[in-house]
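S.K.: Need coordinates for the following:
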Amino acid sequence: MKLDKKDLIIINLLEKNGRTSFTELAKILKISEGAIRKRVKKLEEKNIILGYKAIINYKKLGYNNKIIMGVDTTPHQYFKTINKLKNLDYVKNLTTSSGDHMIMFEVWVKNIDELNKILTEINNIEGVTKTCPSIIHEEIKK
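M.R.: Have a look, this model is predicted:
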């Protein structure tokens, strides 16, 4: 699908606020709401827009810290480790990486004791060789 300038504007606006209404998009782009609906539907059908997600204030839910966790594993346990991690409720935004760590994810914790419990659980997964938690002090841009 070839994207034009209007498609790119729609993508940009929805990326900033997935709840932007079709009416508001139509006003900004000076086209009909029906045209916006068709464009968004095509972007969704072509898997350019994959979904819409709420950004949660984890502190309002009682979590005091957001942790970015790096995990390394033995090569032969790599996929098994990923599958185990993706099934843990506290694991958020699970990704693989070619950077400093093979696997990266986000965790929210209420306190350091909870973080230590999570670290123990992850370190006990067969094949995990290293866990590297980084506590986020301040989020500058989401």
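
S.K.: before we move on, what SS does the residue nearest to the spatial centre of the chain have?
M.R.: Compute the mean C-alpha point of the chain, and by C-alpha atoms, centre = their mean the closest residue is residue 93, 4.0 Å away. Using DSSP: H, G, I helix; E, B strand; the rest coil, the secondary structure recorded for residue 93 is strand.

S.K.: Do a quick rundown of the helices in this structure.
M.R.: 5-16, 22-29, 33-45, 78-86, 112-123 (DSSP state H).

S.K.: how much does the first one deviate in direction from helix 33-45?
M.R.: Angular relation of helix 5-16 and helix 33-45 on a 0 to 180 degree scale: 70 degrees, by axes from the mean of the first three to the mean of the last three C-alpha atoms, to 10 degrees.

S.K.: Run through who's touching helix 5-16.
M.R.: 3, 20, 25, 28-29, 31, 36, 39-40, 43, 48-49, 52 (C-beta atoms under 8 Å, 6 or more residues apart in numbering). (Glycine included, C-beta is placed from N, CA and C.)

S.K.: Go again with 10 Å.
M.R.: 1, 3-4, 20, 22, 24-25, 28-31, 35-36, 39-40, 42-43, 48-49, 52, 142 (C-beta atoms under 10 Å, 6 or more residues apart in numbering).
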